[in-house]
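Asker: Model the following, please.
(chains A and B)
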Amino acid sequence: MTDGSPAPRALPLPARWIGALGYLTLYVVESLGRFGRFLGEAVGLVFVPPLKVGRLAARVYFIGFKSLTIVILTGAFTGMALGLQVFLTLQRVGSEAFVGPAVGIALVRELGPVLTAVFVTGLAGSALTAELGIMRISEQIDALMVMALNPIRYLVVPAMLAGLITFPMLTAIFDVAGIYGGYLVAVVLLGMSPGTYFGQMQAFADMGDVMVGFWKSLAFGVLVPWVCTYKGFHCGHGAEGVSRATTEAVVLSCVLILIFNYFLGSVLP
Amino acid sequence: MIRIQGLRKSFGGQPVLRGVDLDVATGEIMIIIGRSGGGKSVLLKHLLGLLRPDAGAVLVDGTDITRLRGAALEAVRRRYGVVFQGGALFDSMSVFDNVAFPLREKTKMGTAEITRRVEEKLLQVGLVDMGHKNPAEISGGMRKRVAIARALVTEPEIVFFDEPTTGLDPILVNTIHRLIQELHGKFRFTAVMVSHEIPEIFEIADRVAMLHEGVIVETGEARVIQNSTNPIVQRFIRGAAESDHHAA
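Answerer: Numbering: from 1, shown residues only, chains lettered A, B, ... in the order given. Coordinates of the predicted model:
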C-alpha cells in the first residue's frame, strides 16, 4: 500500500553498520545500568528494617544446606586429582614433600572459592533464576508489587544475604574436603608421610592465603545471587524466556566468577 | 474516583493505547470490554502503576499515580486489591497462607485475628476446607476464588479484576460473577474489571466501557451499551465475524 509519496532511501551499508553499532552500544550501556541499579537497590534495602528473617533462613537452607553434599564430593575429588598430579610432577624433581602446601594453597586461594561458586551457581543459582522467572511470568512478582511490597526486598535481599553467609562456609568445607582428598591420595595411596603433608602445609600456607580465599568467596557470594536474581527478575515471556534466563544466569555467573577471580587474585595480597 | 486522561502507550513503536479517557466513579463496578490484544490488560497495568505511560495521566482521587514512585506509590497501592488473570497465587504457600499473606506483611494484626479474617474470607468464597491445600492441588475455578479472597482480605477500597473468569465453564463464570456482585454489595469497593464474558458481565456491571484499537469508543450503563448503535460495539457484543462486517 502506498500514499504516492516517494519511499525513503535506504542508508548506505557503512551508515547502517554504524547505526547498528550505536544501537548495540546503547543496549549494552542500558543493560549495565539496569544491572547496577538492581544491585544498588538491593544493597540499599539490606539496611532498611525489617529484615525478612524467615526468608533469609529459607535461602540459607536452599543455597547452603542443599549444596553441601555436592560441595563435599567435588571438593574431595578435586583435592584427590590435585594431590595425584602434584605428587607425580614433584616426584620427578624429588620435591614430593611440597605436595601438602601445593594442594593446600591451590585449594584455599584459587580452586576452593572458584569451584564452590561454580557448583553452587549450577545447583542453587539456576534454581533461583528459574523460580524468580516463573514468579515473573505467572504475575507473582506483580502481585507482590500491587500489595505494596517491594519484591527486591522480599526476594533478592534474602538471597544476597544468604549468599554472603553460605559461600564462605561452603568454600571452607570444600577446602577441608579437598585437603583431605589430597591426603588420601598422597599419604594413604602413594605412601607419603602424614607429618610431611601437613607439616609442610603449615610451614608454607599462612592466614593471608586463607583470607584471599575468604574475600573471594564473599565477592562470589554477592555476585552469584545478584546475577541469578537479576536474570530471573528480567526474564522473557513463557517457558522459553525462563529457560533462556536460566542459561544466561549460569553462563554469565561462571564467566564473571573467573574474571573476578583473576582481578581479585591480582589485587589481594 | 479514578480518572484516566489521554493515556498513550506504545511498545517498540507499535501504539497500544492511543489516548484513553475514562472515569470510574467511587463504589461502581466498571467493566472494560474489548477484543483480545486491544490493550485492556495494558490499561489495567497503568491503573496499577506497573507500567508508565508515554503520555496522559491516571488520577486516583486527584493524585496522578503515573508520577509516583516508591513509598508514595505504595501508599496508593495499599488501597488496592487485585485479582490477576491466572490468580498469581504464590505456589510455595498453602491456600490459607496465600490469603493471609497481605495481612501478615502489611498489617500488625495478631495471629488469631489473621486466622479469623482468612477463615471468614475463605468461607465467603466457598473454600473453607481448602486452606491446607497448595494452589497446584486445586482447580482453576478454586484458584480464582482464592485470588478473590486474597484481594479482598485487606478490605481494599478499589479492586481490579483482570479477566477473572477466563477459561472457566459457564456455570463457574456465573458463580464467580455472583460472588463478585455479592462481595461488592457487602463491602462497596470500587471495581474495575477487564472481561470478555458477554453477555454475563451485563448482569453485574454498573457501567461498561468498550476499548477498541487503543481508545474507548463507548461508555455507559450496561443497558445503554447493549442497545448501542455503534457498529464496533454491536459487532463485539454479537460476536459477528470480521468477514461479515467487510461483506456489509
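
Asker: In space, what's closest to the most centrally placed residue in chain B - neighbours in sequence excluded?
Answerer: By CA atoms, centre = their mean, the mean C-alpha position of chain B lies nearest to residue B:161, the distance being 1.7 Å. Nearest non-adjacent residue to residue B:161, counting by CB to CB, 6 or more residues apart in numbering or on different chains: residue B:193, 4.0 Å away. To be clear about C-beta, it is placed using only N, CA and C from the backbone, and glycine gets the same treatment.

Asker: which SS state does that neighbour fall under?
Answerer: Secondary structure for residue B:193, judged by DSSP: H, G, I helix; E, B strand; the rest coil, is strand.

Asker: got it, and residue B:161?
Answerer: Classification of residue B:161 using three-state DSSP returns strand.

Asker: Okay, now the unreliable bits of the chain?
Answerer: If you meant another chain, say so; for now it's chain A. Where chain A drops to pLDDT under 70, the residues are A:1-9.

Asker: Correction: the question concerned chain B.
Answerer: The model of chain B has pLDDT under 70 over residues B:240-248.

Asker: Helices of the chain, start to end?
Answerer: You didn't say which chain, so I picked chain A. A:13-46, A:53-59, A:68-92, A:99-105, A:112-120, A:126-137, A:140-146, A:151, A:157-183, A:194-204, A:207-233, A:238-267 (DSSP state H).

Asker: that answer is for a different chain, and I need it for chain B
Answerer: B:40-47, B:70-77, B:95-106, B:111-124, B:140-152, B:170-187, B:201-204, B:222-226, B:231-238, B:242-247.

Asker: if you compare the ones you listed, which one is most tucked away?
Answerer: Sort the helices of chain B by mean neighbour count, taking mean count of other CB atoms under 10 Å in any protein chain shown, and helix B:140-152 sits at the top with a mean of 24.

Asker: Show me what that helix packs onto, helices and strands only.
Answerer: Counting contacts by 3 or more CB pairs under 8 Å, 6 or more residues apart in numbering or on different chains; DSSP states H and E, helix B:140-152 packs against strand B:80-83, helix B:95-106, helix B:111-124, helix B:170-187.

Asker: Surely the residue nearest to residue B:161 is in contact with residue B:29?
Answerer: Yes: judged on CB atoms under 8 Å, residue B:193 makes contact with residue B:29 at a distance of 6.8 Å.

Asker: Which one of the two is surrounded by more residues?
Answerer: Looking at residue B:193 and residue B:29 with other CB atoms under 10 Å in any protein chain shown, you find the greater number of neighbours at residue B:193, namely 26 against 22.

Asker: Beta-bridge partners for that one, please?
Answerer: Residue B:193 has these beta-bridge partners by DSSP bridges: residue B:31, residue B:161.

Asker: before we move on, the earlier item: who touches the residue nearest to the centre of chain B in this structure?
Answerer: Taking CB atoms under 8 Å, 6 or more residues apart in numbering or on different chains, we find residue B:161 in contact with B:83, B:180, B:191, B:192, B:193, B:194, B:195.

Asker: try residue A:125
Answerer: A:224, A:225, A:227, A:228, A:249, A:250, A:253.

Asker: Tell me how many other residues crowd residue 56.
Answerer: By default, I'm working from chain A. 17.

Asker: Switch to chain B, please.
Answerer: Neighbours of residue B:56 (other CB under 10 Å): 18.

Asker: Return the distance of it relative to residue A:227.
Answerer: Separation of residue B:56 from residue A:227 (CB to CB, to the nearest Å) stands at 36 Å.

Asker: Mind picking the two most distant members of the contacts of residue B:161?
Answerer: Greatest spacing in the contacts of residue B:161, by CB to CB: B:180 and B:194 (12.9 Å).

Asker: Get me the contact residues on chain B for chain A.
Answerer: Within chain B, the positions near chain A by CB under 8 Å from any CB of the partner chain are B:45, B:48-50, B:74-75, B:77-78, B:80, B:82, B:84-86, B:88-91, B:101-102, B:105-106.

Asker: State the number of residues packed around the residue nearest to residue A:174 when sequence neighbours are not counted.
Answerer: Nearest residue to residue A:174, sequence neighbours excluded (CB to CB, 6+ apart): residue A:75, at 3.7 Å. Neighbour count for residue A:75, taken as other CB under 10 Å: 28.

Asker: swap in residue B:23?
Answerer: That count, for residue B:23 with other CB under 10 Å as the rule, works out to 15.

Asker: Now for it: which residues touch it?
Answerer: With contact taken as CB under 8 Å, 6+ apart, residue B:23 is in contact with B:1, B:2, B:3, B:4.

Asker: That one pairs with what?
Answerer: Here residue B:23, judged by DSSP bridges, has bridge partners residue B:3.

Asker: Quick check: the gap between it and chain A.
Answerer: Distance of residue B:23 to chain A, computed by CB to the nearest CB, to the nearest Å: 22 Å.

Asker: same deal with residue B:62?
Answerer: 20 Å.

Asker: Now for that residue, how many residues are close by?
Answerer: Using other CB under 10 Å, residue B:62 has 7 neighbouring residues.

Asker: and it, backbone torsions?
Answerer: phi 90, psi -10 (degrees, to the nearest 10).

Asker: same check, this time on residue B:108
Answerer: phi -110, psi 20.

Asker: Of the contacts of residue A:125, which ones also sit close to chain B?
Answerer: With respect to chain B, and counting by CB under 8 Å from any CB, no part of those is in contact.

Asker: Please render these as TSV that adds neighbour count to the earlier fields.
Answerer: Below are these laid out as TSV (neighbours: other CB atoms under 10 Å in any protein chain shown):
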residue	neighbour count
A:224	29
A:225	30
A:227	27
A:228	32
A:249	26
A:250	20
A:253	26
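
Asker: re earlier: tell me how far the residue nearest to residue A:174 lies from chain B.
Answerer: To chain B, residue A:75 is 30 Å away according to CB to the nearest CB.

Asker: At the contact with chain B, which residues of the stretch 101-250 of chain A appear?
Answerer: A:134, A:138, A:139, A:140, A:142, A:143, A:145, A:146, A:147, A:148, A:149, A:150.

Asker: How is chain B divided into domains?
Answerer: Domain ranges of chain B: B:1-79+B:160-167+B:176-248, B:87-155, per automatic domain parsing.

Asker: Would you reformat those as JSON lines and include distance to residue A:47?
Answerer: As requested, those are exported to JSON lines (distance: least, CB to CB, whole Å):
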{"stretch": "domain B:1-79+B:160-167+B:176-248", "distance to residue A:47": "16"}
{"stretch": "domain B:87-155", "distance to residue A:47": "19"}
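
Asker: Nearest to residue A:30 among these would be which one?
Answerer: Ranking the domains of chain B by proximity to residue A:30 (CB to CB) places domain B:1-79+B:160-167+B:176-248 first, at 14.7 Å.

Asker: Return the distance of that closest one from the chain's centre.
Answerer: 8 Å (CA atoms, centre = their mean, to the nearest Å).
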